[in-house]
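A.B. asks: Mind looking at a prediction? Sequence and model below.
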Amino acid sequence: MKVGFDGKRAANNLTGLGNYSRSLIEQLAGYFPENQYFVYTPKVKSSGQISSFFKLPGVHLCLAPSGTLLKALWRSVGIGKQLLKDNIDIYHGLSNEIPFQIPASTKKVVTIHDLIYLRFPQHYRWTDRFIYDTKSKYACQHADLIIAISEKTKQDIIHYYQTPSEKIQVLYQSCDDSFKTLLPPDQRNDILNKYSLTTSAGDPVKYLLNVGTIEARKNLLLIIRALPKIDAAYKLVVVGKKQAYADRVAKEISELRLQDRIIFLENIPFTDLPAIYQGAALFIYPSFYEGFGIPVIEAMYSGVPVIAATGSCLEEAGGPDSIYISPDDPDALAEATNRVTQSAQLASDMIKAGFKYLDKFSTASLSSQLMSAYQDLILKS
């Protein structure tokens, strides 16, 4: 089988959808090496993380042909001839869109991560909403198979686009394999020391962790407002890119005089993230809405208990033994945080249950489910 992928994210993004795209293709190439995997992209970011991905056996980098004037549009409207030339059996759009020109002989698959721009339009510019909606709606209408990354996302696709349920298959995501191996304490602490997250004795400081873009939807303000009622022995470490919302966060921190309790880390190398997760006492993810919530999975694989918000799909990611609070209730968050940090037994029980729940996110199982979906499409043709 020859499988083509929209490689814009895989070839250019170092986080989020880039990690999702590379991990998915890498896992398919590893478990099903009998196939060939073609990654189509107009350009490639210079990065060791990305260059090593394109060295994987069976993975082929396919750039826009030389002389293409509008390379950004090539992946949407000019790629059809290349797919035909490469004899692609299945084309998989990995981030809510597929090209407008795909040969009739090629089966079309799209992964829909979320429709948050429809659920929370106030967080998006109207131009972005229009573009996202146009591409996603077209993909859902014309794909032979839609992969939804959670049951919540599936229900949103049905609700907003009136898509038949039988056309949608829920396939969860896992996270990068680097999060799935606990580091030796000395190696972990060496990395933590780079970010002043160790004590004078060389052990991790006590800290709560939040990972994600600092934007309104991610709801960092809830943690800030809860922090005065949380055991003062614990600092808050925030890893993520700052957007305009960060100004509101900074104002709240100043008003509550919490400057000494919060550490912001930005532009952290991806290879250092597992250690930062593993040094945390607790992971807090109070987002108002997510398509899935990979950071929750990363934390659980890192052996860290999780508190997340109700209202979207985070219960699907965190399972029944994580703790969930309203994204509007800082008192509930403070109470839950103190309960976990003050009970070693509760934290241990949550960690053990989390590892058991993670069985459903094993890369072998998820890769097999996706390959079966591909094969079913081919058999139906």
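C.D. replies: Here it is on my side, so go on.

A.B. asks: Helices of the stretch 201-350 of the chain, start to end?
C.D. replies: 220-226, 245-256, 273-278, 294-301, 314-318, 330-341, 344-357 (DSSP state H, counting those that start in this stretch).

A.B. asks: With distance to A143 and mean pLDDT as added columns, please give those in CSV.
C.D. replies: Quick note: C-beta positions are derived from backbone N, CA and C, even for glycine. Output for the helices of the stretch 201-350 of the chain, formatted as CSV (distance: least, C-beta to C-beta, whole Å; pLDDT from 0 to 100):
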stretch, distance to A143, mean pLDDT
helix 220-226, 35, 98
helix 245-256, 33, 97
helix 273-278, 32, 97
helix 294-301, 23, 96
helix 314-318, 22, 96
helix 330-341, 39, 98
helix 344-357, 30, 98
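
A.B. asks: Can you tell me which of those is nearest to P184?
C.D. replies: helix 273-278 (10.4 Å; C-beta to C-beta).

A.B. asks: Out of the helices of the stretch 201-350 of the chain, which gets nearest to S76?
C.D. replies: helix 294-301 (26.0 Å).

A.B. asks: Nearest approach to T68 belongs to which of the helices of the stretch 201-350 of the chain?
C.D. replies: Among those, if distance is taken as C-beta to C-beta, the winner is helix 294-301, at 33.0 Å.

A.B. asks: domains of this protein?
C.D. replies: As given by automatic domain parsing, the domain ranges for the chain are 2-174+362-380, 177-360.

A.B. asks: Give the full set of residues in contact with the closest residue to A299 other than its chain neighbours.
C.D. replies: Spatial nearest neighbour of A299, chain neighbours left out: F283 (3.6 Å); criterion: C-beta to C-beta, 6 or more residues apart in numbering. By C-beta atoms under 8 Å, 6 or more residues apart in numbering, the contact list for F283 reads 208-211, 277, 295-296, 299, 302, 304-307.

A.B. asks: go on, P103?
C.D. replies: Taking C-beta under 8 Å, 6+ apart as the test, what P103 contacts is G80, L83, L84, I88.

A.B. asks: P286 versus the closest residue to E252 other than its chain neighbours, what's the distance?
C.D. replies: Once flanking residues are discounted, E252 sits nearest to I224: 4.9 Å by C-beta to C-beta, 6+ apart. Separation of I224 from P286 (C-beta to C-beta, to the nearest Å): 10 Å.

A.B. asks: hey, C-alpha coordinates of the host helix or strand of L28 in CSV?
C.D. replies: Assessed by DSSP states H and E, L28 sits inside helix 16-31. Output in CSV follows, covering the C-alpha atoms of helix 16-31 (Å, rounded to 0.1, in the frame of the first residue of the first chain):
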residue,chain,number,x,y,z
GLY,A,16,1.2,19.9,18.8
LEU,A,17,0.0,18.8,15.4
GLY,A,18,3.6,18.4,14.3
ASN,A,19,4.3,15.8,17.0
TYR,A,20,0.9,14.1,16.3
SER,A,21,1.7,13.9,12.6
ARG,A,22,5.3,12.6,13.0
SER,A,23,4.3,10.1,15.7
LEU,A,24,1.5,8.7,13.6
ILE,A,25,3.6,8.2,10.5
GLU,A,26,6.6,6.9,12.5
GLN,A,27,4.4,4.3,14.2
LEU,A,28,2.8,3.1,11.0
ALA,A,29,6.2,2.9,9.3
GLY,A,30,7.6,0.9,12.3
TYR,A,31,4.7,-1.6,12.7
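
A.B. asks: which of the residues in that helix are buried?
C.D. replies: Neighbour counts over helix 16-31 (16 or more other C-beta atoms under 10 Å) mark 17-29 as buried.

A.B. asks: can you redo these as a markdown table with pLDDT and distance to F53?
C.D. replies: Compiled in a markdown table, these are given as follows (pLDDT from 0 to 100; distance: C-beta to C-beta, whole Å):
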| residue | pLDDT | distance to F53 |
| --- | --- | --- |
| L17 | 85 | 14 |
| G18 | 87 | 10 |
| N19 | 84 | 10 |
| Y20 | 86 | 13 |
| S21 | 92 | 9 |
| R22 | 92 | 5 |
| S23 | 89 | 9 |
| L24 | 93 | 11 |
| I25 | 95 | 8 |
| E26 | 93 | 7 |
| Q27 | 93 | 12 |
| L28 | 96 | 13 |
| A29 | 96 | 10 |
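
A.B. asks: from the residues you listed, which is closest to C140?
C.D. replies: Of all the buried residues of helix 16-31, C140 sits closest to L17, with 17.7 Å by C-beta to C-beta.

A.B. asks: ok, now which ones touch the closest one?
C.D. replies: With C-beta under 8 Å, 6+ apart, L17 has these contacts: R9, L94, S95, H113.

A.B. asks: in what helix or strand does V44 lie?
C.D. replies: Assigned by DSSP H and E, V44 falls outside every helix and strand.

A.B. asks: Contact partners for it?
C.D. replies: Applying C-beta under 8 Å, 6+ apart, the residues contacting V44 are A11, N12, I50, F54, L61, L63.

A.B. asks: One more: P65?
C.D. replies: Counted by C-beta under 8 Å, 6+ apart, P65 has contacts W74, Q82.
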